[in-house]
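sequence and predicted structure are below.
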Number of protein chains: 2
Amino acid sequence: MTNPKQPTAVSISQFSCAVPHNYSETIQLAHGGGGRLTARLLEQVFLPAFGNPALVLGHDGAMLDVSAGRLAFTTDAHVVRPLFFPGGNIGSLSIHGTVNDLLVCGAIPWILSAAFILEEGFPIDDLKQIVNSMRDAAARSNVSIVTGDTKVVDRGKGDGVFISTSAVGKIHPKVNIAPQRAKAGDCVLINGPIASHGIAVLSAREDLGLGGTVQSDSAPIDAFLLPAFDQFGDALHVLRDPTRGGVASALNEIAASSGTHIELVETDIPIDEPVRGACELLGLDPLYVANEGKVLAIVAPDSAQRLLELWRRTPGGEQAAIIGKVAAAPAGVVTQKSSIGGSRVVDMMTGEQLPRIC
Amino acid sequence: MTNPKQPTAVSISQFSCAVPHNYSETIQLAHGGGGRLTARLLEQVFLPAFGNPALVLGHDGAMLDVSAGRLAFTTDAHVVRPLFFPGGNIGSLSIHGTVNDLLVCGAIPWILSAAFILEEGFPIDDLKQIVNSMRDAAARSNVSIVTGDTKVVDRGKGDGVFISTSAVGKIHPKVNIAPQRAKAGDCVLINGPIASHGIAVLSAREDLGLGGTVQSDSAPIDAFLLPAFDQFGDALHVLRDPTRGGVASALNEIAASSGTHIELVETDIPIDEPVRGACELLGLDPLYVANEGKVLAIVAPDSAQRLLELWRRTPGGEQAAIIGKVAAAPAGVVTQKSSIGGSRVVDMMTGEQLPRIC
């Protein structure tokens, strides 16, 4: 039995024939055709970055040993625009997003797949940069990219590159995460300041003149969660990464699933000043703006303070905070106490503030 | 421990609020925003079709029990054009393609994820039809769609719908499939006539006037493989589904991986007359045209005849055939004996004959 982190090779073909023409600098339809140009793209871009004996791009799959237990399985399509933004790009985002989805299931990330939809004419150098960011993000998140696929669509039928990632993780034996487990008395924690991903992407897209002041928070949240799984186990009732739709949408879903009332305290919610300023300027409520390196935890009250201390000691978690609590009624409702003392309902967002944010 | 075919629910949220406007008939950017319209799309399109307690679209993942063993993990992006073609559509294709990738790893399909990239303005009725085809194909293939994601891109930045599917299967304990296992003396089998998927899609795209005479072979190949795993086990050396790039590309990859010579006999390769006629008309070599319900098996010589008989008794396998054999040299080369007695090299395709075939 092999080590699951070093999966067995199954079908990386060795293409020994010389390719009789120069390697093109942009993506051609033939790069997606399954022939020699597809193999060449694999050899020149994907294998050097993901170089992993189990990696197979374009056909079949990876084979891996597993021990008995519980698995988590998740998928995300990534269509962020622009592809490169302050603090990351579609490649790093696609790894962090999917790894974080596993972590909020209480799972330890294990293996990941990546499916690329490339637009004809996309610069291969940009693809290399994206793929190298994926490699770095996967290494940082301790996950192996073991299988993939690449398709090419005609010019004007895509938007550079879309990346769909799926991943499998092993659920930590001590945890039992479910949105239904939020209950009256629980505390709501977040590991840092909100809304920076959405503002960073919007700023890059619309040239808002924020310069590089707002960086996306795109990052794996494993440093916050893996030690928490060990130390708090079953006291972690619900975990959620507040991505598109922001903190408001994530908490509304939890309130609805668990039939509880979640009460936030506005002044306790961490937000960086440039992000707050940009939100005010643009008329955006930061509670609805996407995050890509944040986690909400709903925990038993007697664990909240210790979890907060753990997170504040974790790099990047200096501003972690208890931002609210769970009450019994009115069921399914999220409210926020404002800085001037009033209370307002924080509803589910109807449309979206920022399209193509992830 | 729950039955793996009936996974435990983890986070399907119950959205109890009334939606204050009519359900739109086409996809809007806000359907991908993670707010109420996303939830509504989930409720009206995805959940009725995939209705499965573990299904989660848009966030988190599915959680499932697994027993110790070997897993296969695979992914595919689907960009076929047109979306609907004789014999299937992008939905059924996305399930069959990924299920078949698991099967040729020697795995029993188990769970599947689906990530949708929708173009603004795409008709919701068409989406429902595609999603219902996915439901039917998953049921036919005995696989559960347990998690998913939906994103929306602006009009002109996509092409209706792209679907990326990933799947996990459990490798049959008796099989050991690897392209390196092809060896001199082995026989090469196929379960039916080649090239119908590529010709059906091209015919629908270009309006070739073939009418409905050529149907795609898009189908799961489990009826051919699951009994073969039991009966032949280790004698099945290599399995491959000859999709884009066709039989020629699949066999070239196997010849290269195993360092063997694969000799085909042209007159033994099954092909339906209308497909052969269309290929001649269009100047396409059917060996390079995509299949979506075919499997190539490279098996020990003493099992070949019995596997052939099994496949011929299987519905859809009436034209199964032994189409060639494996020799020692020249290594890495595929050749074909023609009907008039000569032999030609069947090379790896350099570009592609038919873009966006799957």
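Looks like it came in fine.

using CSV, write out every CA atom in stretch A:183-192.
C-alpha atoms of stretch A:183-192 as CSV (Å, rounded to 0.1, in the frame of the first residue of the first chain):
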residue,chain,number,x,y,z
LYS,A,183,-27.9,26.3,18.9
ALA,A,184,-29.0,29.0,21.2
GLY,A,185,-26.0,30.2,23.4
ASP,A,186,-23.3,29.3,20.8
CYS,A,187,-20.8,32.0,19.9
VAL,A,188,-20.0,33.2,16.3
LEU,A,189,-16.3,33.7,15.5
ILE,A,190,-14.4,34.9,12.5
ASN,A,191,-10.7,34.6,12.0
GLY,A,192,-10.0,38.1,10.6
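
tell me the mean pLDDT over stretch A:179-192?
For stretch A:179-192, mean pLDDT rounds to 96.

what about it and chain B, touching?
Yes - Stretch A:179-192 is in contact with chain B by Cβ under 8 Å from any Cβ of the partner chain, via residue A:179. Using the backbone N, CA and C atoms, a C-beta is placed for each residue, glycine as well.

mind listing what's buried in that stretch?
For stretch A:179-192, a neighbour-count test (16 or more other Cβ atoms under 10 Å in any protein chain shown) marks A:179, A:180, A:181, A:182, A:183, A:186, A:187, A:188, A:189, A:190, A:191, A:192 as buried.

now do stretch A:206-222
A:210, A:213, A:214, A:215, A:216, A:217, A:218, A:219, A:220, A:221, A:222.

got those residues as a markdown table, with pLDDT columns?
Converted to a markdown table, those look like this (pLDDT from 0 to 100):
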| residue | pLDDT |
| --- | --- |
| A:210 | 71 |
| A:213 | 84 |
| A:214 | 93 |
| A:215 | 95 |
| A:216 | 97 |
| A:217 | 98 |
| A:218 | 98 |
| A:219 | 98 |
| A:220 | 98 |
| A:221 | 98 |
| A:222 | 98 |
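
which SSE is immediately downstream of the lowest-mean-pLDDT helix or strand in chain A?
The helix or strand of chain A with the poorest confidence is strand A:56-57; it has a mean of 43 (mean pLDDT, DSSP states H and E). Next along the chain after strand A:56-57, taking DSSP states H and E as the criterion, comes strand A:62-66.

adjacent strands (with direction) for the next helix-or-strand element following that next one?
Once the chain leaves strand A:62-66, the next helix or strand it forms, by DSSP H and E, is strand A:69-78. If you go by DSSP bridges, strand A:69-78 pairs up with strand A:161-171 (antiparallel), strand B:62-66 (antiparallel).

out of those strands, which gets nearest to residue B:84?
The closest of the strands paired with strand A:69-78 to residue B:84 is strand A:161-171. By Cβ to Cβ, the value is 21.5 Å.

so how far is the closest one off the chain centroid?
Using Cα atoms, centre = their mean, to the nearest Å, the distance from the centre of strand A:161-171 to the centre of the chain it belongs to is 9 Å.

also stretch A:110-124?
Taking Cα atoms, centre = their mean, one finds the center of stretch A:110-124 at 17 Å from the center of the full chain.

what about the strands in the stretch 101-250 of chain A?
For the stretch 101-250 of chain A, the strands defined by DSSP state E, counting those that start in this stretch cover A:107-119, A:144-153, A:161-171, A:187-190, A:236-240.

report the contact partners of the nearest residue to residue A:196 once chain neighbours are set aside.
Of all residues not flanking residue A:196 in the chain, residue A:217 sits nearest, at 4.6 Å (Cβ to Cβ, 6 or more residues apart in numbering or on different chains). Counting by Cβ atoms under 8 Å, 6 or more residues apart in numbering or on different chains, residue A:217 touches A:87, A:192, A:193, A:196, A:197, A:291, A:292, A:293, A:294.

quick check, pLDDT for the most centrally placed residue in chain A.
In chain A, the centroid-proximal residue (Cα atoms, centre = their mean) is residue A:97; its distance is 1.3 Å. On pLDDT, residue A:97 comes in at 96.

could you say which helix or strand holds it?
Going by DSSP H and E, residue A:97 is in helix A:90-103.

could you say what helices and strands that helix packs with?
strand A:69-78, strand A:107-119, helix A:124-140, strand A:161-171, helix A:222-232 (3 or more Cβ pairs under 8 Å, 6 or more residues apart in numbering or on different chains; DSSP states H and E).

go again using 7 Å as the cut-off
On a contact count with 3 or more Cβ pairs under 7 Å, 6 or more residues apart in numbering or on different chains; DSSP states H and E, helix A:90-103 meets strand A:69-78, strand A:107-119, helix A:124-140, strand A:161-171.

list the contacts for the residue nearest to residue A:74 when sequence neighbours are not counted?
Leaving out its chain neighbours, the residue that sits closest to residue A:74 by Cβ to Cβ, 6+ apart is residue B:61, at 2.9 Å. Each residue near residue B:61 by Cβ atoms under 7 Å, 6 or more residues apart in numbering or on different chains is listed here: A:72, A:73, A:74, A:101, A:102, A:105, B:147.

just send those residues back as JSON lines, with pLDDT, distance to residue B:276 and neighbour count too.
Supplementary listing: the contacts of residue B:61 in JSON lines, determined by pLDDT from 0 to 100; distance: Cβ to Cβ, whole Å; neighbours: other Cβ atoms under 10 Å in any protein chain shown:
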{"residue": "A:72", "pLDDT": "95", "distance to residue B:276": "48", "neighbour count": "28"}
{"residue": "A:73", "pLDDT": "95", "distance to residue B:276": "42", "neighbour count": "29"}
{"residue": "A:74", "pLDDT": "95", "distance to residue B:276": "44", "neighbour count": "33"}
{"residue": "A:101", "pLDDT": "96", "distance to residue B:276": "48", "neighbour count": "29"}
{"residue": "A:102", "pLDDT": "96", "distance to residue B:276": "48", "neighbour count": "29"}
{"residue": "A:105", "pLDDT": "94", "distance to residue B:276": "51", "neighbour count": "27"}
{"residue": "B:147", "pLDDT": "91", "distance to residue B:276": "42", "neighbour count": "35"}
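
what sits against residue A:143?
Contacts of residue A:143 (Cβ under 7 Å, 6+ apart): A:99, A:109, A:110, A:111, A:112, A:167.

which two of the residues you listed have the greatest separation?
It's A:99 and A:111 that sit farthest apart of the contacts of residue A:143, by Cβ to Cβ, at 10.9 Å.

quick one: residue A:163 and residue A:79 touch, right?
No - at 8.6 Å, residue A:163 does not count as touching residue A:79 under the criterion of Cβ atoms under 7 Å.

tally of neighbours for residue A:234?
Using other Cβ atoms under 10 Å in any protein chain shown, residue A:234 has 12 neighbouring residues.

how many neighbours does residue A:39 have?
Neighbourhood size, residue A:39 [other Cβ under 10 Å]: 27.

in the stretch 101-250 of chain A, where is pLDDT below threshold?
Across the stretch 101-250 of chain A, the ranges flagged by pLDDT under 70 are A:211-212.

near chain B, which residues of it are found?
A:101-102, A:104-105, A:111, A:113, A:115-117, A:146-149, A:151, A:153, A:156-159, A:162, A:164, A:166, A:168, A:171, A:178-179, A:244-245, A:249 (Cβ under 7 Å from any Cβ of the partner chain).

list buried residues within these.
Buried among those (16+ other Cβ under 10 Å): A:101-102, A:104-105, A:111, A:113, A:115-117, A:146-149, A:151, A:153, A:157-159, A:162, A:164, A:166, A:168, A:171, A:178-179, A:244-245, A:249.

help me confirm that residue A:312 comes into contact with residue A:318.
Yes - using Cβ under 7 Å, residue A:312 is in contact with residue A:318, at 6.1 Å.

residue A:308 sits in which helix or strand?
Residue A:308 belongs to helix A:301-313, assigned by DSSP H and E.

contacting residues around that helix?
With contact meaning Cβ under 7 Å, 6+ apart, helix A:301-313 is reached by A:185-187, A:189, A:191, A:224, A:227-228, A:231-232, A:235, A:297, A:299, A:317-318, A:320, A:322.
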